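A.B. asks: Got a predicted structure here, sequence first:
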Amino acid sequence: MEPQLKRGFLDLCILAAVAEEDSYGYQIIKDAPACLELSESTLYPILRRLAKQGALSEYSREHNGRLRKYYSITELGRQELDSFVGDAGSIQEIIAYVKRGAGK
Amino acid sequence: MKKEEYLEGLRTALRAAKLPSFAIAEGVEFYTEAIDDRMEDGASEEDAVAQMGPLEDALAAVSAEVPPVPRRIAHLSTGSHVLDIVLAVIACPVWIPCTLACVGVIASIYLALWLLVATVWMLVTAAFLTGAVGVFASFWGIANGAPAMGFLGLGIGLAASGIALLAVPLAACATSALVKLAERFARWVAGLFMKGRKEARDAGEGSPDSTRLRTPSWPRQLLVIGLAALGAGTLLALMVLASCGFDPTSLPQLPQVSLFGMQLDIFEFRRDSVMVISR
């Protein structure tokens, strides 16, 4: 996928990954769509930014004798997701338009 | 590569990049956890480390999220805490005044933006008050044998009120724009110390919500009343002025008003001034 396009979806997909239940780094990578090719080096800065922005909250929980950091979506994060869902119609319109232009 | 070898390499690279110690600790913790999770999921130690990708990617990822000011401060570090403290104390006659000056400038700019908002609304309020004074002047003039001056005051007051009504949507837009500017400025300052998606977005691509300015819109009733007041007030004032040959000083002046033990002049015209004085 085109990097510019991918960048726009990464934040939303990470928020979506923790929307139903709290999750941790590796699980988020496993749950995210494969086409995003999410890795730790891509995930780390996004998690930090979303947490500082207030869209995610983080906490540590004991797991098999070590501490694991979990991420939880906040109200602000849910608003971001709702905003995207609200724009879904426009996005589909753009996709259809581009498809027509590409002759498909 | 083994896990400890990778993490030590990452730690060394982050120290060489002169990142703050908190950023180094957080970055190493993240990758430690990532490797442990993959090993728990069944991957071998070498495979788990390999899936982290090159050290350069990890270094870039951790470095990217360090804000400019903490990064710059960390860059100044000599590597020895004791020496850093000694140098900070010796150089304090320089960096303390500079820091205070920067804080003063930032605070002044922020305050100035909010004072502009206050000024806009004070001007609108002053125009409304002129209208109120004008209405009072008309009654005062009629009651004290100076109806022409009273009606002149009423005309000026009505016109000022009309302008104030028409200016309210403009003032609201200006307020919205100034508040957005103040918020962006505050976010920019905060972004020097901590990074967030909004700061990055506004600095780079620009968020549509943050850059779109409200255009003023006049509700129909406000427009009608404002234009009516402006028109009626202007017409009334012109009629009174025309009746006295556009020489308001020839009209009987309004007597002073006694208010809280003070004698106040309302709409005083003098030959040496063309300005309307209301005090």
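C.D. replies: Structure received.

A.B. asks: From now on I want contacts and neighbour counts done on CA atoms only, so please keep to that.
C.D. replies: Fine.

A.B. asks: And the contacts of stretch B:222-239?
C.D. replies: With Cα atoms under 8 Å, 6 or more residues apart in numbering or on different chains as the contact definition, stretch B:222-239 has outside contacts at B:151-166.

A.B. asks: In that stretch, which residues are buried?
C.D. replies: Across stretch B:222-239, burial judged by 16 or more other Cα atoms under 10 Å in any protein chain shown covers B:226-227, B:229-239.

A.B. asks: Nearest to chain A among these?
C.D. replies: Using Cα to the nearest Cα, residue B:226 is the member of those that sits closest to chain A, with 38.5 Å.

A.B. asks: Return the closest of the contacts of stretch B:222-239 with respect to residue B:98.
C.D. replies: Ranked by distance to residue B:98 (Cα to Cα), the contacts of stretch B:222-239 are led by residue B:164 at 44.1 Å.

A.B. asks: Which parts of chain A are strands?
C.D. replies: Secondary structure of chain A (DSSP state E): strands at A:23-24, A:56-63, A:66-73.

A.B. asks: Could you say which of those is packed most deeply?
C.D. replies: Highest mean neighbour count among the strands of chain A (mean count of other Cα atoms under 10 Å in any protein chain shown): strand A:23-24, with a mean of 20.

A.B. asks: Name every strand pairing with it and say which way it goes.
C.D. replies: Paired neighbours of strand A:23-24 in the sheet (DSSP bridges): strand A:66-73 (antiparallel).

A.B. asks: Can you name the residues in contact with the partner strand?
C.D. replies: In contact with strand A:66-73 (Cα under 8 Å, 6+ apart) are residues A:15, A:18-19, A:21-25, A:55-62, B:33.

A.B. asks: gap between that strand and the chain center?
C.D. replies: Strand A:66-73 sits 16 Å away from the centroid of its parent chain (Cα atoms, centre = their mean, to the nearest Å).

A.B. asks: Could you do stretch A:25-40 as well?
C.D. replies: With Cα atoms, centre = their mean as the basis, the mean position of stretch A:25-40 lies at 9 Å from the chain mean.

A.B. asks: ok, how many other residues are close to the closest residue to residue A:31 other than its chain neighbours?
C.D. replies: Using Cα to Cα, 6 or more residues apart in numbering or on different chains and skipping the chain neighbours, the partner closest in space to residue A:31 is residue A:17 (6.5 Å). A total of 23 residues lie near residue A:17 under the criterion other Cα atoms under 10 Å in any protein chain shown.

A.B. asks: Need the pLDDT of residue A:17.
C.D. replies: Residue A:17 is assigned a predicted lDDT (pLDDT) of 92.

A.B. asks: Please tell me how far it sits from residue A:54.
C.D. replies: Between residue A:17 and residue A:54 the computed distance is 16 Å (Cα to Cα, to the nearest Å).

A.B. asks: Next: residue B:167.
C.D. replies: With the distance defined as Cα to Cα, residue B:167 ends up 38 Å from residue A:54.

A.B. asks: neighbour-wise, which of these two wins?
C.D. replies: Of the pair residue B:167 and residue A:54, residue B:167 is the one with more neighbours under other Cα under 10 Å, namely 20 against 16.

A.B. asks: residues touching the closest residue to that one other than its chain neighbours, list them.
C.D. replies: In space, and not counting its chain neighbours, residue B:167 is closest to residue B:124: 7.0 Å by Cα to Cα, 6+ apart. By Cα under 8 Å, 6+ apart, the contact set of residue B:124 is B:164, B:167-168, B:171.

A.B. asks: can you map out the strands along chain B?
C.D. replies: For chain B, applying DSSP E gives strands covering B:257-259, B:262-264.

A.B. asks: Can you pull the residues of chain A lying near chain B?
C.D. replies: Within chain A, the positions near chain B by Cα under 8 Å from any Cα of the partner chain are A:25-26, A:39-42, A:44-45, A:48-50, A:52-53, A:68.

A.B. asks: Would you check that residue B:147 makes contact with residue B:138?
C.D. replies: Yes. The pair residue B:147 and residue B:138 passes the contact test of Cα atoms under 8 Å, sitting 6.8 Å apart.

A.B. asks: Provide the count of other residues in contact range of residue B:10.
C.D. replies: 22.

A.B. asks: mind listing which of the contacts of residue B:124 are in helices?
C.D. replies: Secondary structure from DSSP state H places B:164, B:167-168, B:171 of the contacts of residue B:124 in helices.

A.B. asks: Out of these, give me the one that has the most neighbours.
C.D. replies: residue B:164 leads these on contacts (other Cα under 10 Å) with 26 neighbours.

A.B. asks: quick one: contacts for it?
C.D. replies: B:124-125, B:127-128, B:226.

A.B. asks: Also residue B:140?
C.D. replies: B:150, B:254.

A.B. asks: ok, and the closest non-adjacent residue to residue B:160?
C.D. replies: Distances taken as Cα to Cα, 6+ apart place residue B:127 nearest to residue B:160, at 5.2 Å, with adjacent residues excluded.

A.B. asks: Got the domain ranges for chain B?
C.D. replies: B:3-90, B:109-252 (automatic domain parsing).

A.B. asks: Name all residues that make contact with the residue nearest to residue A:31.
C.D. replies: Residues in contact with residue A:17 (Cα under 8 Å, 6+ apart) are A:23, A:28, A:31-32.
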